[in-house]
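>>> Only the shape, not the letters, is given here:
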RNA sequence: GCUCGGUUCGUCUAGCUGGCCCAGGACGUGAGAUUUUCAUUCUCAAAAUCGCGGGUUCGAAUCCCGCACCGAGUACCA
């Protein structure tokens, strides 16, 4: 009997959420929506020392921007709250006690320095110290110490942790939805701390207790958790919760674009693409890490990019909306190996999504840039320019650079273009074109006939030279849409003004 | 070191129940077409001896074994 689908995204508020985490959230979301299940946001803040103010807010804002919605969570509440582990602190204690009572865990008094010394000692013999069934008898804990001394130490307030007592010689199999059965021997696993001396549970305890009490059906998380999955399976067993243990799916890692290794926070700005969904100002260092949103990526594009990094629909379709992703998503098509992020393809996705935007919407993105350049233009004009130019763009941020000449006459002229196109006698030609513009009715067809057919072709002039010079005069360089279209958009007076000024500034050239 | 996981064009990947694969698509790259320029668009092309070596089989990217390499984990961090 399958239980209702309930999945959670459970980040730690230790900094900005990086895109690997975003992808994990996305996959959870797609799975939940597809199965009519619930999506829960739980904050795992059991490490007080790594808490970063603002991180939780950042996570919520980022996922909201991307359209990844929650049904329950720290920001919206729900029937299984509280959803912040620090707010659930009192309940973990009893679960740790239960484990001790049942012989699945024990108290350990070893000081951090003592453990460190032990590790050094082993290291000098080229071995690795592990707190496990072989070594725990040599350590200071409730298994090695007499009962009355354990009592005494606890009563005197000596700090202690609770460790899991891993049974010896046991094969533990984790069934992973992506990788199949993964089996490990308990002898290789260490007695993980479940409950810290500061009164907080560790990830392992809190995670299992919360997933159980929140009735989570599927745990979809990063591959870095696979090695500790056997511990988690054992904990479900120790608590007697095997029947309702969630299904596990460990996602492949996101790798850095060059070389090897896991994508890290530093890579982004170094390699020219964001590692974070939103800009992040580090409250301590004041350092800024750039985000997709501020770089001009559309949220739907980011979702699409991330969805396809480690999963595919099994067809050749690559542009997929959230609705389509929800419909098509399946765990079977998640790949096992890590994926490298590809900046060029990300740009292409963004380009595709930008093309789907209406001219109006692109104009909205353009307005702030125009304002920044002190441009005032009619809404109709801005919309028209956007419609004409959008296919050339990957990002809205490129709008000003590719469209500025629609709003501002050139102040300088590209020297290379002058050299190539502005040949002797050009001022005469330009004056002639001004004359045509002034006398011929200002209509596309009429101007085309007058300038192209009659003047240039009729006089057997070089089409490339004349038209490009005109372009140079109007734009300042040799880029842009169809010349006459451009003239029509700019209008008669503005065009003439620009050509006059070019004649004046560039002047006549010799050979 | 140990444990676990992974390994198809430069990158993301299709392929998983062996023959339709001398390996398909996409991004990027190159060439051509279109254009008065740039870009767009369109067409075409190059690009993986399927990590390596064995085996099973009439036949293997697909199954089995070994090796190599890469990654993750190995904290009172998650």
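Great, that's in hand. Keep in mind the model is a prediction, meaning the values are calculated, not measured.
>>> CA atoms for contacts and neighbours, from now on please.
Fine.
>>> just the helices in the stretch 101-250 of chain A please.
A:112-124, A:147-155, A:203-213, A:229-239 (DSSP state H, counting those that start in this stretch).
>>> hmm, the second one touching RNA strand B?
No - contact of helix A:147-155 with RNA strand B is not found when judged by CA under 7 Å from any atom of the strand; the minimum separation is 13.1 Å.
>>> and that helix, what does it pack onto?
On a contact count with 3 or more CA pairs under 8 Å, 6 or more residues apart in numbering; DSSP states H and E, helix A:147-155 meets no helix or strand.
>>> and that helix, which residues are buried?
By 16 or more other CA atoms under 10 Å, the buried positions in helix A:147-155 come out as residue A:150.
>>> and what of stretch A:447-467?
A:447, A:450-452, A:455-456, A:465-467.
>>> before we move on, what about stretch A:342-359?
A:346-355, A:359.
>>> ok, the nearest residue to residue A:89 once chain neighbours are set aside - contacts?
Leaving aside its sequence neighbours, residue A:89 sits nearest to residue A:200 (CA to CA, 6 or more residues apart in numbering; 6.5 Å). Contact analysis of residue A:200 by CA atoms under 8 Å, 6 or more residues apart in numbering lists A:46-47, A:89, A:92.
>>> Could you check the pLDDT of the nearest residue to residue A:390 once chain neighbours are set aside?
Excluding the flanking residues, the one nearest residue A:390 by CA to CA, 6+ apart is residue A:355, at 6.7 Å. pLDDT, residue A:355: 95.
>>> From residue A:461, how far out is residue A:355?
The spacing between residue A:355 and residue A:461, counted by CA to CA, to the nearest Å, is 38 Å.
>>> again with residue A:309
54 Å.
>>> now do residue A:225
72 Å.
>>> ditto for residue A:377
On the measure of CA to CA, residue A:377 and residue A:461 end up 37 Å apart.
>>> Check residue A:215 too.
Distance from residue A:215 to residue A:461, by CA to CA: 80 Å.
>>> got it, and residue A:117?
Residue A:117 is 89 Å from residue A:461, by CA to CA.
>>> which two of the contacts of residue A:200 lie the greatest distance from each other?
Pairwise distances across the contacts of residue A:200 peak at 14.3 Å for A:47 and A:92 (criterion: CA to CA).
>>> and the stretch 151-300 of chain A, which residues reach RNA strand B?
Residues of the stretch 151-300 of chain A lying near RNA strand B (CA under 7 Å from any atom of the strand): A:159-161, A:179, A:181-184, A:188, A:192-193, A:196-198, A:201-204, A:223-228, A:253, A:257, A:260-262.
>>> Please flag which of these sit within strands.
Among these, DSSP state E puts A:161, A:181-184, A:193 in strands.
>>> which two from the residues you listed end up farthest apart in space?
Across those (CA to CA), the longest gap, 31.9 Å, separates A:161 and A:181.
>>> quick one: which of the two has more around it?
residue A:161 (21 against 12; other CA atoms under 10 Å).
>>> Isn't the more buried one up against residue A:112?
No - the criterion here is CA atoms under 8 Å, and residue A:161 misses it with residue A:112 at 10.8 Å.
>>> I'd like the ones in strands among the residues of the stretch 151-300 of chain A next to RNA strand B written out as JSON lines, with pLDDT added.
Shown next, in JSON lines, are these (pLDDT from 0 to 100):
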{"residue": "A:161", "pLDDT": "95"}
{"residue": "A:181", "pLDDT": "90"}
{"residue": "A:182", "pLDDT": "91"}
{"residue": "A:183", "pLDDT": "90"}
{"residue": "A:184", "pLDDT": "90"}
{"residue": "A:193", "pLDDT": "96"}
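>>> shaky segments in chain A?
Where chain A drops to pLDDT under 70, the residues are A:1, A:258-261, A:268-269, A:510-511.
>>> mind running it again at 80?
Along chain A, the parts satisfying pLDDT under 80 run over A:1-2, A:256-273, A:507-511.
>>> quick one, domains of it?
Taking automatic domain parsing as the reference, chain A has its domains at A:6-74+A:205-255, A:90-195, A:267-277+A:289-356, A:358-395, A:409-506.
>>> in the shortest one, what's buried?
So that's domain A:358-395. For domain A:358-395, burial by neighbour count (16+ other CA under 10 Å) applies to A:359-360, A:362-367, A:369-370, A:382-383, A:385-387, A:389-390, A:393-395.
>>> Restricting to these, which residues neighbour RNA strand B?
Within the buried residues of domain A:358-395, those near RNA strand B by CA under 7 Å from any atom of the strand are residue A:393.
>>> which ones among the buried residues of domain A:358-395 are found in helices?
When DSSP state H is applied, these are split such that A:359-360, A:362-367, A:369-370, A:382-383, A:385-387, A:389 fall in helices.
>>> Does residue A:46 belong to a helix, a strand or coil?
Secondary structure state of residue A:46, per DSSP: H, G, I helix; E, B strand; the rest coil, is coil.
>>> what sits against it?
With CA under 8 Å, 6+ apart, residue A:46 has these contacts: A:85-86, A:200-203.
>>> what's the answer for residue A:368, then?
With CA under 8 Å, 6+ apart, residue A:368 has no contacts at all.
>>> what's the burial count for the nearest residue to residue A:195 once chain neighbours are set aside?
Excluding the flanking residues, the one nearest residue A:195 by CA to CA, 6+ apart is residue A:201, at 4.2 Å. Residues near residue A:201, counting by other CA under 10 Å, number 27.
>>> What residues does residue A:201 make contact with?
So residue A:201 contacts A:46, A:89, A:92-93, A:194-195 (CA under 8 Å, 6+ apart).
>>> Repeat the analysis, applying 7 Å as the threshold.
Residues in contact with residue A:201 (CA atoms under 7 Å, 6 or more residues apart in numbering) are A:46, A:92, A:194-195.
>>> Helix, strand or coil: sort out residue A:15 for me.
Per three-state DSSP, residue A:15 ends up coil.
>>> Touching, it and residue A:56? I think so.
No - using CA atoms under 7 Å as the test, residue A:15 is too far from residue A:56 to be in contact (8.3 Å).
>>> Between the two, point out the one with more neighbours.
The neighbour comparison of residue A:15 against residue A:56 (other CA under 10 Å) goes to residue A:56, with 23 against 20.
>>> Which residue, other than its chain neighbours, is closest to that one?
Leaving aside its sequence neighbours, residue A:56 sits nearest to residue A:13 (CA to CA, 6+ apart; 5.3 Å).
>>> How many residues are close by the one you found?
23.
>>> Surely it and residue A:42 touch.
No - using CA under 7 Å, residue A:13 is not in contact with residue A:42; the gap is 10.4 Å.
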